[in-house]
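Asker: Mind folding the following:
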Amino acid sequence: MKRYRYTMLLFVPLFFSSCSLSQRLAAAIQAFAAEPAASTPVYTGIAGVECIPDTSQVEIARVVRVIDGDSIEVLLDGEEVQVRYIGIDTPEYYSDDRPQAITATQANREMVEGATVFLFKDQSNTDVYDRLLRYVLTDEVFVNLELVRGGYAAPKEYPPDTACHELFMQTEK
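Answerer: Residues are numbered from 1 along each chain as shown. Predicted coordinates:
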């Protein structure tokens, strides 16, 4: 399939040689984008994704900063935005649980720092602080779930975003 893509990119501009360079480039990009994906997304094989409401609606972003155990900042569509993990809660830095907060942040950092992540919405788009609310996956792990599995986060139900709550509760046990 890749060979076809590259061939297409090479021959489409030749086919449109009477067009301007920008028209040829636009036609090549369009042909490339219209081609069906060669394989299924990498996150479909990750345990736990079955609870996510619609894995076809995915946003792809790059992590630019780990804020704490349950929040990150990502570059999404050229804009830096904060993301709050759905369905979990980690200790806060400015509490008596500061050592646990530091440990949760480190665990989060090890999973996502600098990584490309797949973001999935449940029901709500943002919280009261204007952070995106998302289930977050890398190409290897369902981050929300792994933070619970590792004991770094506790499941916390935030209606109406509850699609994975039962899974998180079962994982904690």
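
Asker: where does the residue nearest the centre of the chain land in three-state SS?
Answerer: Nearest to the mean C-alpha position of the chain, by Cα atoms, centre = their mean, lies F118 at 2.2 Å. When classified by DSSP: H, G, I helix; E, B strand; the rest coil, F118 comes out as strand.

Asker: If I follow the layout properly, Q82 ends up in contact with L75?
Answerer: No: if you go by Cβ atoms under 8 Å, Q82 and L75 don't touch, sitting 11.5 Å apart. No exception for glycine: its C-beta is placed from N, CA and C like everyone else's.

Asker: circling back: I'd say the residue nearest to the centre of the chain and P41 touch.
Answerer: Yes: the pair F118 and P41 passes the contact test of Cβ under 8 Å, sitting 7.3 Å apart.

Asker: Common neighbours of the two, please.
Answerer: Contact criterion Cβ atoms under 8 Å, 6 or more residues apart in numbering; residues bridging F118 and P41 by contacting each: V58.

Asker: in this structure, which ranges drop under the pLDDT threshold?
Answerer: 1-40 (pLDDT under 70).

Asker: that older thread, and the residue nearest to the centre of the chain, how far from V128?
Answerer: With distances defined as Cβ to Cβ, to the nearest Å, the gap from F118 to V128 amounts to 25 Å.

Asker: next one: T44
Answerer: 32 Å.

Asker: What is the neighbour count of the closest residue to the residue nearest to the centre of the chain other than its chain neighbours?
Answerer: With sequence-adjacent residues excluded and distances taken as Cβ to Cβ, 6 or more residues apart in numbering, F118 is closest to L137, at 4.5 Å. Using other Cβ atoms under 10 Å, L137 has 28 neighbouring residues.
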